[in-house]
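A.B. asks: pasting the sequence and the predicted model now:
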Amino acid sequence: MRLIALLAFLPLCACGGSPAAEGADRGEHLKEWARITEEAAAADGPPLSSLPLAEEWYQVTIADVPVGYMNTLTSVDDDGSARSMEVMDVQVNRGADTSRMAFETVFQEAPLQPPSLEVLEEAQRSTGGVTLMAYDQRFANNEVKMGLTFPDGEMKLVSFNGEKEHVSMLPRPEQAWLGRLRARLEFTRQCRAGATEIVVQTMRPELGPRVVNLTSTLMRIDKAWDGTQMVEASVWAVQISDVPVNMTEAYETRGATRCYRMLQMGLDMPFGYLLASLSEKEPALQSAEPDANRPLPELVYTMFVILDQPIERVNEAAAARMVEISVGIKAGSSRAPVDLKLPTGESGYQRVEPDPDDAARLRVWVDLMAPQDATPEELAETDFRSPSAMIDSSDEADPLCAEDGKPLPKGHTNGKLPIALAEERCAARGELAYALRQIVHEHIEDKHLSTAYASASETARTASGDCTEHAVLLAAVLRARGIPSRVCHGLVYVEQGGSAIDGQVHVDASGNVDPAGGRLTGQYGWHMWTQALIAGKWIDLDATLHLPFTVGHVLVGTSSMADKDAHNNHMQMAALIGNLEITVHDVSHSFER
């Protein structure tokens with residue numbers, strides 16, 4: 001369930017202030033903006049003719065609790081190329097564990113030519129004027145890097161998982177776009193001209209090598225801290241295409257760097273409002289250091305979806321076979337309206353249809369005996385078979401991938417194979433997948449929440465991690481044995497007192513749940529697991545569990561974890577976190593065919 005923390009900190013530079021003003025008040029703010037623009041234009045003189053070089057420090061808080069810092073640095077190299085760096089370093093609680101996470105992004109861009117610094121030559125439009133776009137994420141002791149360059153009419157993506165590089169060659173975008181600095185300067189140009197909605201095409205390293213629209217809409221004129229005093233600021237709502245989170249930015253309205261210098265950035269998340277405010281260096285750095293007197297926000301258990309009633313025998317040896325639930329958006333949410341999106345139709349053991357009783361909800365069935373067919377596009381997709389920085393299935397250092405002759409354990413299926421795997425021609429491959437799941441389950445002995453986002457090879461060596469590490473390691477060993485795989489993100493059923501990693505309370509020697517003397521109540525927590533492509537069907541497998549899989553899963557999305565996708569496939573979860581409600585309609589424990 002570590003993914004919640006990742007979603008909180010993926011957007012590194014598009015946010016700010018407090019929730020945006022709406023309604024009639026905005027009209028008054030727009031009139032004030034027009035007046036400010038007219039006055040400032042008379043005082044500004046010519047537009048920016050050189051790049052403002054500066055280092056800024058921001059203190060990061062979540063729900064008003066200091067959790068870390070953000071640092072930005074803009075510089076020009078000897079050859080005239082421009083460089084921008086952003087770092088966010090934060091610590092949060094995940095259950096009883098504390099995790100420290102750092103994200104760094106770097107853009108190296110071709111020299112900016114006055115008088116219009118944001119303008120690109122025709123030949124540079126497919127590269128955005130960028131010579132290097134880099135991303136470095138560090139969770140606990142794990143590190144993953146990505147670097148994108150633009151040789152010979154292509155894009156070269158180099159991903160590094162701490163041990164090994166993976167190289168992908170990709171086509172350049174067909175549409176024109178701007179690197180980070182030029183995108184910011186284009187925003188500055190339009191902002192200074194009095195625009196109230198600004199759309200810029202750019203790339204975000206954490207979303208992979210794809211062009212996105214960055215849309216900024218003026219919401220109000222407010223006050224913000226500039227590092228020494230409260231000053232007048234323009235506050236903008238910011239939307240990245242296909243990233244369903246609410247962000248704001250606040251900029252100076254006066255002076256030489258008006259519309260350029262960011263004063264605040266904020267991100268509206270279900271566990272509290274994330275705010276980065278200008279600060280001196282030392283207080284900002286201190287916010288990322290441990291302090292026993294400063295309780296940190298908890299990002300796992302607070303995100304659970306509570307049920308009215310429990311689902312019986314989900315995790316027992318004689319587990320439930322089918323569950324029917326209704327999923328909807330929680331009424332009265334204080335956050336922006338959310339579109340309910342789950343994989344439509346059929347995927348893995350899950351089937352989704354419109355709810356016949358409520359058009360605003362979805363009806364979901366999870367049936368362990370009825371895996372669904374993969375689509376023709378999924379059957380042809382090579383990413384489900386290929387290694388990547390995270391799913392490094394070709395890494396010879398990974399003992400679980402390399403030892404083809406290693407005896408396989410019994411797959412722990414209790415004789416209950418899905419119908420699609422029961423046929424003789426598929427049973428061996430199905431049993432192999434179940435056995436590999438059991439290997440991963442037993443191999444990861446140190447199951448905790450302090451590890452975050454380790455690669456498959458790193459997990460194989462450390463034998464530690466949470467649901468993320470279980471999911472990527474199982475996907476890797478499946479691919480190493482010739483079985484296509486992908487990683488799933490969504491929800492898992494969690495019993496009262498259950499682990500945030502697998503949702504289970506204690507299990508006795510017979511594999512049955514021990515409720516520790518208390519009545520079990522039901523809830524769902526955010527989770528990751530794996531799907532294997534066998535006999536043309538996606539088979540769900542959860543390596544965190546003592547069973548291969550249970551009906552207590554709700555699939556929100558899937559990812560091949562290819563390097564080119566970065567975290568983009570996971571971002572759709574962001575809008576649903578803290579906004580869902582689930583009702584249980586039916587549970588079946590019969591495995592008769």
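C.D. replies: Cool, the structure landed. On a predicted model such as this, the values are computed, not experimentally measured, just so you know.
A.B. asks: what sits against Asn471?
C.D. replies: That one is not Asn; residue 471 is Ala. Applying Cβ atoms under 8 Å, 6 or more residues apart in numbering to Ala471 gives the contacts Val487, Cys488, Met528, Trp529, Thr530, Ala543. Heads up, the C-betas are built off the backbone N, CA and C, glycines and all.
A.B. asks: in TSV, list the residues you listed along with distance to Gly194, pLDDT and secondary structure.
C.D. replies: TSV is the format used below for the contacts of Ala471 (distance: Cβ to Cβ, whole Å; pLDDT from 0 to 100; DSSP: H, G, I helix; E, B strand; the rest coil):
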residue	distance to Gly194	pLDDT	secondary structure
Val487	46	93	strand
Cys488	47	92	strand
Met528	46	91	strand
Trp529	50	95	strand
Thr530	52	96	strand
Ala543	56	93	coil
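A.B. asks: most neighbours, which of those?
C.D. replies: Thr530 (30 neighbours; other Cβ atoms under 10 Å).
A.B. asks: now Tyr273: how far from Thr544?
C.D. replies: 31 Å (Cβ to Cβ, to the nearest Å).
A.B. asks: who has more neighbours, the two?
C.D. replies: Per other Cβ under 10 Å, whichever of Tyr273 and Thr544 has more neighbours is Thr544, with 27 against 18.
A.B. asks: that one contacts Thr468, correct?
C.D. replies: No - here Thr544 does not reach Thr468: they are 9.9 Å apart, not a contact under Cβ atoms under 8 Å.
A.B. asks: for Ala475, give me the backbone phi and psi.
C.D. replies: Dihedral pair for Ala475: phi -60, psi -40, per degrees, to the nearest 10.
A.B. asks: which ones are touching the residue lying closest to it once chain neighbours are set aside?
C.D. replies: What sits nearest to Ala475 in space, not counting adjacent residues and going by Cβ to Cβ, 6 or more residues apart in numbering, is Ser485, at 4.2 Å. Residues in contact with Ser485 (Cβ under 8 Å, 6+ apart) are Phe384, Ile391, Leu474, Ala475, Ala476, Leu478, Arg479, Thr530, Gln531, Ala532, Leu533.
A.B. asks: the third one looks like it's in a helix, true?
C.D. replies: To tie it back to what came earlier, the one meant is Leu474. Yes - when classified by DSSP: H, G, I helix; E, B strand; the rest coil, Leu474 is found to be part of a helix.
A.B. asks: tell me the pLDDT of it.
C.D. replies: Looking at Leu474, its pLDDT reads 94.
A.B. asks: next, count neighbours for it.
C.D. replies: Other residues lying near Leu474 total 33 when counted by other Cβ under 10 Å.
A.B. asks: pretty sure it contacts Gln531?
C.D. replies: No - between Leu474 and Gln531 no contact is recorded; they are 9.7 Å apart, counting by Cβ under 8 Å.
A.B. asks: low pLDDT regions in the stretch 401-550 of the chain?
C.D. replies: 401-427, 447-453, 496-521 (pLDDT under 70).
A.B. asks: what ranges do the helices span in the stretch 151-300 of the chain?
C.D. replies: Using DSSP state H, counting those that start in this stretch, the helices of the stretch 151-300 of the chain run over residues 180-192, 281-286.
A.B. asks: let me know which of the ones you listed is the nearest to Thr462.
C.D. replies: helix 281-286 (28.7 Å; Cβ to Cβ).
A.B. asks: ok, and what's touching the closest one?
C.D. replies: Contacts for helix 281-286 (Cβ under 8 Å, 6+ apart): Trp57, Tyr58, Gln59, Pro66, Tyr69, Met70, Asn71.
A.B. asks: can you tell me the element the fourth one falls in?
C.D. replies: In other words, Pro66. strand 65-76 (DSSP states H and E).
A.B. asks: need the overlap of contacts for Leu474 and Gln531.
C.D. replies: Ser485, Leu541.
A.B. asks: ok now whichever helix or strand Gly147 is part of, how far from the chain's centre?
C.D. replies: Element membership for Gly147 (DSSP H and E) is strand 142-149. Distance of strand 142-149 from the chain centroid (Cα atoms, centre = their mean, to the nearest Å) equals 16 Å.
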